[in-house]
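Trainee: Sharing a sequence plus its predicted fold:
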Amino acid sequence: METKRVVITGMGVITSIGKNISEFKESLENGRLGISEIEGLDRFGELTVHVAGQVKDFKPTEMGMDAGSVRRSDKFSQFGICAAIQAMEQSGLKAGENIEPGRLGCYVGSGIGGMQTFIDQTLVMANEGAKRVSPLFIPMMIGNLGAGNIAIKFNAQGPCLPVVSACATSTHAVGEAFRAIKFGLADAIITGGTEAAVNELAIGGFANMKALTTAQNPAEACLPFDARRGGFVMAEGAGILVLEEYEHAVKRGAHIIAEVVGYGNTCDAYHYTAPRPDGTTTAAALSQSLNEAGYDNSLLYINAHGTGTHMNDACETKAIKIALGEEQARKVMISSTKSMHGHMLGATGAVELIASAIALESGVLPPTIGYKEPDPECDLDYIPNTARKVQAEYALSCSLGFGGHNAAVTLKRYKD
């Protein structure tokens, strides 16, 4: 079967370190921290969690959404729509003009969906009875409506797949979109992830399973690969990319940001929250992605999952060594941008792929900020604290989710 080349022609972000690509890029290159004390911390009672990566001053009506759509959608959908507006504007695609609606798809996932709507309407039911539950409860809450609302916004009548695989969600979504275009099922796909779960219920659940940091100082909260790390930092936001078939993009004169060249997808089949300790199944996902990409040991940047939990960072380091071999692993440059923006659950993989694409196009690799104390279990080059001006040829972004889900997407620097 003849396969197609796949490129990125549009990107958009809503994050704690930038609500557009320009702000996000500047923050990455300057190592800006977007983690801060949680707004409304008094609502969290006796919980020992103090910080999060929240999106501040988010005004969807100033970013392309009408007031009616805002009222009818949970914040996770709003984040996704606003990021998609940015990505589609950058791509220049318009269904019915330069792409057939049936050849434009939408693969956008969410790990949790409309949790704030779920909380609000549960309280309505408990206090006022089931008859008072909003008729908009279901369409605002269900996780597939991130994709559904974006597809409606842009008349994307092609394949639509809302992936749910916890923290690997949006990396899987991008990987599956890549495959769909590669094998001719669409000419372009709006893809990525969106999440809005910084609330008492989600943080309470993660905190009580001892997954979150209890640090009170935001600058010492998310410490990927550092010996002091003690848990991840919850965050919110969205990352959306427009993937497009290469010839289709070239024919219409689109700006090409990077090429998508590989995808890996495996499962630990080990434990519902803990990663497989030997790193072999994560390594298999990395290897699948790099092999499909035709990786030739050129200069490689890895945007690691790098949550700042003890097990994740140690196991991920093992996986990189297994996938690349010890010698090559020590030559690659790795960072966790979660050190700046926190962990956006189902949205984080797409945001980190966008960071990877920016790094390839700009020749500036983002740092792992807050890094001070090396850990013998994490002994690779994690680009500590300061961005590095190096022109990588490939970028690999890895995401790992509860349930043992491993996903990896490889990008290649685009050259005219």
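Mentor: Nice, thanks for sending it over. Numbers count the residues shown, from 1 in each chain.

Trainee: what about the strands in the stretch 301-416 of the chain?
Mentor: Using DSSP state E, counting those that start in this stretch, the strands assigned to the stretch 301-416 of the chain run over residues 333-335, 364-365, 388-389, 394-401, 405-413.

Trainee: So what's the gap between the second one and the chain middle?
Mentor: Centre-to-centre, strand 364-365 and its host chain are 18 Å apart (C-alpha atoms, centre = their mean, to the nearest Å).

Trainee: partners of that strand in the sheet?
Mentor: For strand 364-365, the paired strands and their directions (DSSP bridges) are strand 388-389 (antiparallel).

Trainee: Pull the contacting residues for residue 134.
Mentor: Residues near residue 134 by C-beta atoms under 8 Å, 6 or more residues apart in numbering: 121, 124, 140. Placement of C-beta: from N, CA and C, glycine included.

Trainee: and if you look at residue 84?
Mentor: 12, 108, 150, 153, 154, 190, 192, 240.

Trainee: go on, residue 351?
Mentor: 13, 15, 170, 192, 193, 237, 238, 239, 337, 341, 344.

Trainee: helix or strand for the third one, which one?
Mentor: It refers to residue 170. Assigned by DSSP states H and E, residue 170 belongs to helix 169-182.

Trainee: quick one, that helix and strand 405-413 angle?
Mentor: 60 degrees (axes from the mean of the first three to the mean of the last three C-alpha atoms, to 10 degrees).

Trainee: for the record, mean pLDDT for helix 169-182?
Mentor: Taken as a whole, helix 169-182 has a mean pLDDT of 98.

Trainee: same deal with stretch 226-242?
Mentor: Computed over stretch 226-242, the average pLDDT equals 98.

Trainee: Endpoints of that stretch, how far apart?
Mentor: Criterion C-alpha to C-alpha, to the nearest Å; first-to-last residue distance in stretch 226-242 is 34 Å.

Trainee: Pull out the buried positions in it.
Mentor: 226, 229-242 (16 or more other C-beta atoms under 10 Å).

Trainee: Residue 109 and residue 261, how far apart?
Mentor: Note on residue 109: its distance to residue 261, by C-beta to C-beta, to the nearest Å, is 21 Å.

Trainee: Who has more neighbours out of these two?
Mentor: residue 109 (33 against 21; other C-beta atoms under 10 Å).

Trainee: what ranges do the strands span in the stretch 151-300 of the chain?
Mentor: Using DSSP E, counting those that start in this stretch, strands in the stretch 151-300 of the chain cover 188-195, 237-245, 258-267, 300-303.

Trainee: so which of the ones you listed comes closest to residue 178?
Mentor: Closest approach to residue 178 among the strands of the stretch 151-300 of the chain is made by strand 258-267 (4.7 Å; C-beta to C-beta).

Trainee: Adjacent strands (with direction) for that closest one?
Mentor: As defined by DSSP bridges, the strand partners of strand 258-267 come to strand 6-14 (antiparallel), strand 405-413 (antiparallel).

Trainee: For residue 293, find the nearest of these.
Mentor: Among the strands paired with strand 258-267, strand 405-413 sits nearest to residue 293 (C-beta to C-beta), with 4.0 Å.

Trainee: and that closest one, average pLDDT?
Mentor: Strand 405-413 comes out at a mean pLDDT of 98.

Trainee: And stretch 15-34, by the same measure?
Mentor: Mean pLDDT, stretch 15-34: 98.

Trainee: rewinding a little: which one of the contacts of residue 351 sits in the busiest neighbourhood?
Mentor: Counting by other C-beta under 10 Å, top hit in those: residue 193 with 41 neighbours.

Trainee: Hmm, that one is touching residue 169, no?
Mentor: Yes: counting by C-beta atoms under 8 Å, residue 193 does reach residue 169; the two are 5.1 Å apart.

Trainee: Could you tell me which residues touch both of the two?
Mentor: 109, 110, 111, 163, 346, 347, 349.

Trainee: between the residues you listed, which is closest to residue 296?
Mentor: For the shared contacts of residue 193 and residue 169, the nearest to residue 296 is residue 349 (24.7 Å; C-beta to C-beta).
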